[in-house]
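*Asks:* heads up, no residue letters with this:
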DNA sequence: CTCAATTACTCAGGGCACTGATTATTTCTG
DNA sequence: CAGAAATAATCAGTGCCCTGAGTAATTGAG
């Protein structure tokens, strides 16, 4: 009888929100190209010639995930990967014509989907929605991604242990 | 130059929010038990003896995912799975003592984590945050999960095509 | 009562997401 | 300049998440 109410758990809500979005994307935007893939295309439309790691940073994908996503996009012929002559560690990424066309097409559909997705909220509520989610995400990101090395206080916040217990 | 601003895309924000949560969960709650796994434990504390499908419904996991999650929890000895004598298709699920202990332990840590996660928001903002996310999720869920069979209007909303284009 | 539909679960397959370890290249330092 | 440290990418491993297809058991209609 010590069950908690998950509707007050932001993590659970976040997961449900993403599932809902996934679903809508699938029916309204594309079954081929996923939302993270679109984010990568979009980043490369804005800044052609970025390297893999930086694209990942722009769209919020870690080194392993971005590698997979890019490999799929490359396999589909939507982008080209060439070694940076200036720095042999990097691969420079650039959309193909097909990639650019796909991005343009999906941009339209994505806008429509966002409208449907956000339809339950008024215009002001939508603004608040964006603001609140962003603030929470940024703050959590900041906890992990220290400007200064881990402070004693932040360490305390993150790792306060239940005395004598560990999972 | 037709790149869009992803910070106004709810799907992108939802993904980032979930990533942020995942991270915090890992450092503040458990590296062994995931948030969806905790949700399942929680559902079985509230209603012991549920079958697999119903647990999935309670916590928002589809048939395939719930099967995997439950198989992991069962492998770790946190729950028992027995065939329903009344209905040979079902498996009835029940936490072991170890499962109950784990749930109790994680409940405390989860509460602490939620506090840290939501710290950037005032109390009123937190309420709004929950409300907005829930309304959006429920609405999207409703689009897919028809009470009445698919209406012409909803079909129109979901599948309006760009004339002459398909991905 | 029998056969068809439904229901619970499983399996195969594709994609996202993270960590820890490894490799290749560049950069920094003594 | 040589060796150490840092950086970009890869790989292996685990887990979540969905769809479509398949299996076994139950239910329901004729």
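*Replies:* Received it, and whenever you're ready, just let me know what you need. This structure is a prediction, so every number in the text was calculated from the model and none was measured.

*Asks:* contacts and neighbour counts: CA atoms only from here.
*Replies:* Noted.

*Asks:* mind checking the end-to-end distance for stretch A:48-66?
*Replies:* From its first residue to its last, stretch A:48-66 covers 16 Å (C-alpha to C-alpha, to the nearest Å).

*Asks:* tell me the mean pLDDT over it?
*Replies:* Confidence over stretch A:48-66, taken as the mean pLDDT, stands at 95.

*Asks:* Would you mark the buried spots in that stretch?
*Replies:* Within stretch A:48-66, the residues that count as buried by 16 or more other C-alpha atoms under 10 Å in any protein chain shown are A:49, A:50, A:51, A:52, A:53, A:54, A:55, A:56, A:59, A:60, A:61, A:66.

*Asks:* Can stretch A:9-28 be said to contact DNA strand C?
*Replies:* No - figure legend: stretch A:9-28 not in contact with DNA strand C (C-alpha under 7 Å from any atom of the strand); closest approach 8.6 Å.

*Asks:* Need the contact partners of that stretch.
*Replies:* Residues from elsewhere that reach stretch A:9-28, judged by C-alpha atoms under 8 Å, 6 or more residues apart in numbering or on different chains: A:6-7, A:31, A:34-35, A:109-110, A:113, A:117, B:10-11, B:14-15, B:17-18, B:21-22, B:35-36, B:60, B:114, B:118, B:130, B:133-134, B:136-137, B:140-141, B:144, B:158-160.

*Asks:* Give me the subset of these lying in strands.
*Replies:* Counting by DSSP state E, the contacts of stretch A:9-28 place none of their members in strands.

*Asks:* Please list the residues of chain A that sit near DNA strand C.
*Replies:* Taking C-alpha under 7 Å from any atom of the strand as the contact definition, chain A meets DNA strand C at A:34-37, A:60-65, A:68-69, A:72, A:85-89.

*Asks:* rewinding a little: hmm, which of the contacts of stretch A:9-28 are the buried ones?
*Replies:* Buried members of those, scored by 16+ other C-alpha under 10 Å, are A:35, A:109-110, A:113, A:117, B:10-11, B:14-15, B:17-18, B:21-22, B:35-36, B:60, B:114, B:118, B:130, B:133-134, B:136-137, B:140-141, B:158.

*Asks:* give me the element the residue lying closest to residue A:78 once chain neighbours are set aside is part of.
*Replies:* Spatial nearest neighbour of residue A:78, chain neighbours left out: residue A:99 (3.9 Å); criterion: C-alpha to C-alpha, 6 or more residues apart in numbering or on different chains. Assigned by DSSP states H and E, residue A:99 belongs to helix A:97-118.

*Asks:* Quick check: which helices or strands does that helix pack against?
*Replies:* Contact analysis of helix A:97-118 by 3 or more C-alpha pairs under 8 Å, 6 or more residues apart in numbering or on different chains; DSSP states H and E lists helix A:10-28, helix A:35-46, helix B:123-144 as its packing neighbours.

*Asks:* The second one vs DNA strand D: in contact?
*Replies:* I take that to be helix A:35-46. No - taking C-alpha under 7 Å from any atom of the strand as the criterion, helix A:35-46 and DNA strand D are apart, separated by no less than 13.0 Å.

*Asks:* tell me how far the ends of stretch A:43-50 are from each other?
*Replies:* With C-alpha to C-alpha as the measure, stretch A:43-50 spans 9 Å from end to end.

*Asks:* Then stretch A:42-50?
*Replies:* By C-alpha to C-alpha, the extent of stretch A:42-50 from end to end equals 12 Å.

*Asks:* Stretch A:112-129 now?
*Replies:* 18 Å.

*Asks:* Show me how far it is from its chain's centre.
*Replies:* The chain centroid and the centroid of stretch A:112-129 are separated by 19 Å under C-alpha atoms, centre = their mean, to the nearest Å.

*Asks:* What of stretch A:22-38?
*Replies:* A distance of 13 Å separates the centroid of the chain from that of stretch A:22-38, by C-alpha atoms, centre = their mean.

*Asks:* buried residues in it?
*Replies:* Those buried within stretch A:22-38 under the rule 16+ other C-alpha under 10 Å are A:22, A:23, A:24, A:25, A:28, A:29, A:30, A:33, A:35, A:36, A:37, A:38.

*Asks:* Distance-wise, check the fourth one relative to residue A:143.
*Replies:* I take that to be residue A:25. Distance, residue A:25 to residue A:143, by C-alpha to C-alpha: 31 Å.
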